[in-house]
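>>> Let me see the structure of the following:
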Amino acid sequence: KATKIDVDGSTVAQVTVVENNTDAKAIAVKGLANTNTVQLDNNVDGPNQAVGAVTLTLKDGSGSADSLNLILAGTSGHDSTDGNDVVSVTVANLETLNVSSTHLGTTDFLTTDRNVLTSLVADTSLTTLNLSGSDALDVTLTSAATKLATIDGSGMSGKLALTVAAIADQTVTAGSKADT
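Okay, the predicted model is just below:
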């Protein structure tokens, strides 16, 4: 069964969803306010244990500077095969998405660990994608975000692997590691 959360634009600043042996179930968080944060915790390692398809929806996406913060928090020791994966994140009516890569607990990521956003799906509203964090991050962006002009990974101190469809003239800034 899918997880559905409606924050209804309340004063909640952050929603944390934990993947815990739920076999990549879908997650929908709706009613988010501008600048809210959604954290996806992945504490389960193994096949079919990725965070499922996630849909994030603003309560009112009619503004011209709407933004959300997304924190991907994996667990050290999960290998690169389904370890800290998110199947997809879909956003709409959002101009800026800030994605941060971190880990749960006190044990740092191993060199083989990374948070993986297999598919970032955004509509034509998205113009800026900011990437930050101390832990390795792989992001694949789909081609629907035809107005995405800025991808800023300068806040990444962990390795960034970015796959972007040739969808618009883009300015891409890498982080401090050997990014790809």
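>>> For the residue lying closest to S76 once chain neighbours are set aside, report the pLDDT, please.
Closest residue to S76 apart from its sequence neighbours, by CB to CB, 6 or more residues apart in numbering: T107 at 4.1 Å. All C-beta spots, glycine's among them, are computed from the backbone N, C-alpha and C. pLDDT for T107: 89.
>>> Got phi/psi on T107?
phi -90, psi 120 (degrees, to the nearest 10).
>>> what about the protein, any weak spots by pLDDT?
Scanning the chain for pLDDT under 70 picks out the ranges 1, 20-23, 45-48, 79-83, 166, 168, 178-180.
>>> Go through whichever helix or strand I151 is part of and flag the buried ones.
I151 belongs to strand 150-156 when assigned by DSSP states H and E. Buried residues in strand 150-156, counted by 16 or more other CB atoms under 10 Å: I151, D152, G153, G155, M156.
>>> now stretch 142-150
A144, A145, L148.
>>> That one spans what distance, first to last residue?
End-to-end distance of stretch 142-150: 15 Å, with CA to CA, to the nearest Å as the criterion.
>>> residues in contact with it?
119-129, 141, 164-165, 167-171 (CB atoms under 8 Å, 6 or more residues apart in numbering).
>>> can we see that at 6 Å?
119, 121-124, 126-128, 165, 167-168, 170-171 (CB atoms under 6 Å, 6 or more residues apart in numbering).
>>> residue ranges for the helices of this structure, please.
Ranges of helices within the chain: none, based on DSSP state H.
>>> Now the closest residue to N93 other than its chain neighbours, what are its backbone angles?
The shortest distance from N93 to any non-neighbouring residue, by CB to CB, 6+ apart, is to G61 (2.7 Å). The phi/psi pair for G61 (degrees, to the nearest 10) reads phi -100, psi 30.
>>> and the closest residue to V12 other than its chain neighbours, how far is that from L70?
Among residues not flanking V12 along the chain, N36 sits closest, at 7.2 Å (CB to CB, 6+ apart). Applying CB to CB, to the nearest Å, one obtains 10 Å for the distance of N36 from L70.
>>> rewinding a little: okay, now the residue nearest to S76: neighbour count?
Neighbour count of T107, defined by other CB atoms under 10 Å: 11.
>>> do S132 as well
21.
>>> And A122, by the same measure?
Taking other CB under 10 Å as the criterion, the count of residues near A122 is 23.
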